[in-house]
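Novice: Pasting the sequence and the predicted model now:
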Amino acid sequence: MQAKGYAESLDAPVSGDGLQARVAVEGKGCHAGAGEMQRAAKAAGNSALLERYATDYPKGPHDQPQSMCPAFGSLRVGLRMRRTATVLSGSACCVYGLTFTSHFYGARRSVGYVPFNSETLVTGKLFEDIREAVFKLADPAQYDAIVVINLCVPTASGVPLRLLPREIDGVRVIGIDVPGFGVPTHAEAKDVLAGAMLEFARQEVMDGPVAAPRTGVSERPTVALVGEIFPADPVSIGMLLEPMGLAAGPTVPTREWRELYAALDCPVAAGLHPFYRSVFRQFDAAGRPVIGSAPVGHDGTAAWLAAIGEACGVSRTQIAAAQNKALPAIKGALAGAPIKGRITVSGYEGSELLVARLLVESGADVRSVGTACPRTEWSAVDEAWLNDRGIAVTYRASLEQDLAALDQFDPDLAIGTTPLVQAAKQRGTPALYFTNLISARPLMGAAGAGSLAQVVNAAMANRERFDRMREFFEGVGEGDTAGVWQEEPVLHPGFRASQSRKAVRKGLSEGDF
């Protein structure tokens, strides 16, 4: 096999701070804590990486992810692409959890894993094992690209994926670091891989001719769509754009490598989900402007069509024609599927503001919106629209803040993450899991306008059933006293306190367990 791009050597022995960092991290593994992991990563030569992540993905009140492992986002992007192999490098427990989650969400292919121990990590043998695995996988008849993902321990130990070959027999090799101590959410981890792939593809375009899209080149100028959206949404967006002489382009993250070229060929990119900073940076480098927000609801669609049309040089007459064609149908769909009730919205997908806008235009009394993602310039339009209606938006919202909103507003329905939904139902408040029940629905155009009413109204109608259940189970207990007991359980706060002190002496905090 011929490899190009492998110009550096690992012959030099590891020593000094880098060696101490690897030993320290391996000694505690995943339980070393975010601070220790960051110090080790910087000592191992990953300071620039962490600084870039700190800029792209600024943290909030909580410095640890409060959702699933962030690396799942990158893993998901790779597993959804045709002719793409994905390899994980990390602690076995982390790899097990990630692969379990990926298959739970419908992955239909294997995930590669390169195991390690203290010796292979400290001596650099782990990198050689990864390199060997990549060469074995690099079959151009099966793959366009191989993605290698470093998890927390390899990143903290400085395993240098940048030294992998850039290409092996025409198969591209993409190495990325996705540590939980550097990337706050799985949504932003999608951006890490999607941005790395787009950067690679942009360089290929600059180097010479590239493959055309599988479906051919559009006769009309196209708009690249950035964000993991419902499969029907690109169709709806295409219908909205048609009166302006435009078409919907590829969705980034893409489903195939060659779609990356087509995305870069679009004159404008639509930042439907506003947290893809790395992806937006590549569009900016290619001279493609990025327009924030999305065609959600009546007001959102009107403003979005105007912004896209202006960016593409479309005449005001054509923009007005597109608006006049789409807006009456959206207004009718909203009126035909009203939502009446007080609702709080939170989640970690990055589309929370869009969902809140759609709920408001459907008639819902939305009191608060929380998102685990950060504020960006591309979320400003949606935030301003919500603020004008007296709705506060909390970025990098913690679970504690979401629970506080639940207590403050006592909603008829709480939309949020799994722990929030659990807490709401325990107190008898109907709740819906944002990821599976809300974001997995069309949101754009007329199809999105009436998509939420059925599930939301059905959930709010369950309050009486929750009241009956709470009454039935009254007195069963909770926490240490949950269940049915013949005698009152005896608590031992002294023992619990002594165990907490032992944990503190070991350098662990409650968030490390």
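Specialist: Yep, it's here.
Novice: And stretch 344-351, end to end?
Specialist: Start-to-end span of stretch 344-351 (C-alpha to C-alpha, to the nearest Å) is 14 Å.
Novice: Run the chain-centre distance for that stretch.
Specialist: 11 Å (C-alpha atoms, centre = their mean, to the nearest Å).
Novice: Quick check: which helices or strands does the helix or strand harbouring residue 250 pack against?
Specialist: In this assignment (DSSP states H and E), residue 250 forms part of strand 247-252. For strand 247-252, the packing partners by 3 or more C-beta pairs under 8 Å, 6 or more residues apart in numbering; DSSP states H and E come out as strand 222-226, helix 233-241, helix 258-264. In this view, the C-beta of every residue, glycine as well, is placed from N, C-alpha and C.
Novice: Comparing these, which comes out most buried?
Specialist: Most buried of those by mean neighbour count (mean count of other C-beta atoms under 10 Å) is strand 222-226; its value is a mean of 26.
Novice: Report the strands that pair with that strand, each with its relative direction.
Specialist: If you go by DSSP bridges, strand 222-226 pairs up with strand 247-252 (parallel), strand 268-271 (parallel).
Novice: Quick one: distance of the last one to the chain centre.
Specialist: Which is strand 268-271. Using C-alpha atoms, centre = their mean, the offset of strand 268-271 from its chain centre is 18 Å.
Novice: next SSE after that strand?
Specialist: Proceeding N to C from strand 268-271, the next assigned helix or strand is helix 277-285, under DSSP H and E.
Novice: got TSV for the helices and strands packed on strand 247-252, with distance to residue 445 too?
Specialist: Formatted as TSV, these follow (distance: least, C-beta to C-beta, whole Å):
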stretch	distance to residue 445
strand 222-226	13
helix 233-241	4
helix 258-264	21
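Novice: can you put these in JSON lines and add mean pLDDT and distance to residue 281?
Specialist: Below are the helices and strands packed on strand 247-252 laid out as JSON lines (pLDDT from 0 to 100; distance: least, C-beta to C-beta, whole Å):
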{"stretch": "strand 222-226", "mean pLDDT": "98", "distance to residue 281": "12"}
{"stretch": "helix 233-241", "mean pLDDT": "97", "distance to residue 281": "23"}
{"stretch": "helix 258-264", "mean pLDDT": "96", "distance to residue 281": "13"}
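Novice: between those, which gets nearest to residue 463?
Specialist: Closest approach to residue 463 among the helices and strands packed on strand 247-252 is made by helix 233-241 (31.0 Å; C-beta to C-beta).
Novice: circling back: out of the helices and strands packed on strand 247-252, which gets nearest to residue 442?
Specialist: Residue 442 sits nearest to helix 233-241 of all those, at 5.5 Å, using C-beta to C-beta.
Novice: tell me the mean pLDDT over the strand holding residue 250?
Specialist: The pLDDT scores in strand 247-252 average 97.
Novice: again with stretch 430-440
Specialist: Taken as a whole, stretch 430-440 has a mean pLDDT of 92.
Novice: Adjust the sequence numbering to begin at 387 for everything that follows.
Specialist: Sure, I'll start counting at 387 from here, so that last one is stretch 816-826.
Novice: now what about that stretch, what contacts it?
Specialist: The contact list for stretch 816-826 (C-beta atoms under 8 Å, 6 or more residues apart in numbering) reads 616, 731-735, 737-738, 741, 798-804, 806-807, 810-811, 838, 841-842, 845-849, 852.
Novice: I'd assumed residue 741 was in contact with residue 757.
Specialist: No - in this structure residue 757 lies outside contact range of residue 741 using C-beta atoms under 8 Å: 9.9 Å.
Novice: and residue 732, which of the three is it?
Specialist: Three-state call for residue 732 (DSSP: H, G, I helix; E, B strand; the rest coil): strand.
Novice: Give the bridge partners for it, please.
Specialist: The partner residues for residue 732, given DSSP bridges, come to residue 756.
Novice: hmm, back to that, wait, which of the helices and strands packed on strand 633-638 is closest to residue 474?
Specialist: helix 644-650 (22.4 Å).
Novice: how much distance is there from that closest one to the middle of the chain?
Specialist: The chain centre lies 21 Å from the centre of helix 644-650; the measure is C-alpha atoms, centre = their mean.
Novice: cool, and stretch 760-770?
Specialist: Centroid displacement of stretch 760-770 relative to its chain, using C-alpha atoms, centre = their mean, is 17 Å.
Novice: and it, average pLDDT?
Specialist: Averaged over stretch 760-770, pLDDT sits at 96.
Novice: try stretch 439-453
Specialist: 76.
Novice: Would you mind measuring the gap between the ends of it?
Specialist: End-to-end span of stretch 439-453 (C-alpha to C-alpha): 18 Å.
Novice: Ok, stretch 627-634 next?
Specialist: 7 Å.
Novice: Go through it and flag the buried ones.
Specialist: Residues 627-630, 632-634 are the ones in stretch 627-634 that count as buried (16 or more other C-beta atoms under 10 Å).
Novice: ok so, going back, so can I have a markdown table of the strands paired with strand 608-612 showing distance to residue 565?
Specialist: Shown next, in a markdown table, are those (distance: least, C-beta to C-beta, whole Å):
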| stretch | distance to residue 565 |
| --- | --- |
| strand 633-638 | 23 |
| strand 654-657 | 25 |
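Novice: To residue 584, which of those strands lies closest?
Specialist: It's strand 633-638; of the strands paired with strand 608-612, that one is closest to residue 584 (C-beta to C-beta) at 6.8 Å.
Novice: tell me the angle of the closest one relative to helix 663-671?
Specialist: Strand 633-638 and helix 663-671 are oriented at 130 degrees to each other (axes from the mean of the first three to the mean of the last three C-alpha atoms, to 10 degrees).
Novice: Identify the contacts common to residue 757 and residue 741.
Specialist: residue 733.
Novice: Among these two, which residue is more densely surrounded?
Specialist: Shown here are residue 757 and residue 741; by other C-beta atoms under 10 Å, residue 757 has more neighbours (29 against 25).
Novice: Contacts only, for the more buried one.
Specialist: Applying C-beta under 8 Å, 6+ apart, one finds that residue 757 lies in contact with 732-734, 736, 738-739, 779-783.
Novice: Could you report the separation of it from residue 565?
Specialist: 22 Å (C-beta to C-beta, to the nearest Å).
Novice: Tell me the pLDDT of the residue positioned nearest the centre of the chain.
Specialist: Central residue of the chain (C-alpha atoms, centre = their mean): residue 573, 1.0 Å from the mean position. Note for residue 573: predicted pLDDT of 93.
Novice: Helix or strand: which one has it?
Specialist: Secondary structure assignment for residue 573, by DSSP H and E: helix 572-593.
Novice: what distance separates that helix from the centre of its chain?
Specialist: Distance of helix 572-593 from the chain centroid (C-alpha atoms, centre = their mean) equals 15 Å.
Novice: who does that helix touch, helix- and strand-wise?
Specialist: helix 457-465, strand 531-536, strand 557-563, helix 644-650, helix 663-671.
Novice: Swap in 7 Å and give it another go.
Specialist: Packing partners of helix 572-593 (3 or more C-beta pairs under 7 Å, 6 or more residues apart in numbering; DSSP states H and E): helix 457-465, strand 557-563, helix 644-650, helix 663-671.
Novice: Sketch out the low-pLDDT regions of the stretch 537-686 of the chain for me.
Specialist: Along the stretch 537-686 of the chain, the model assigns pLDDT under 70 to no residue.
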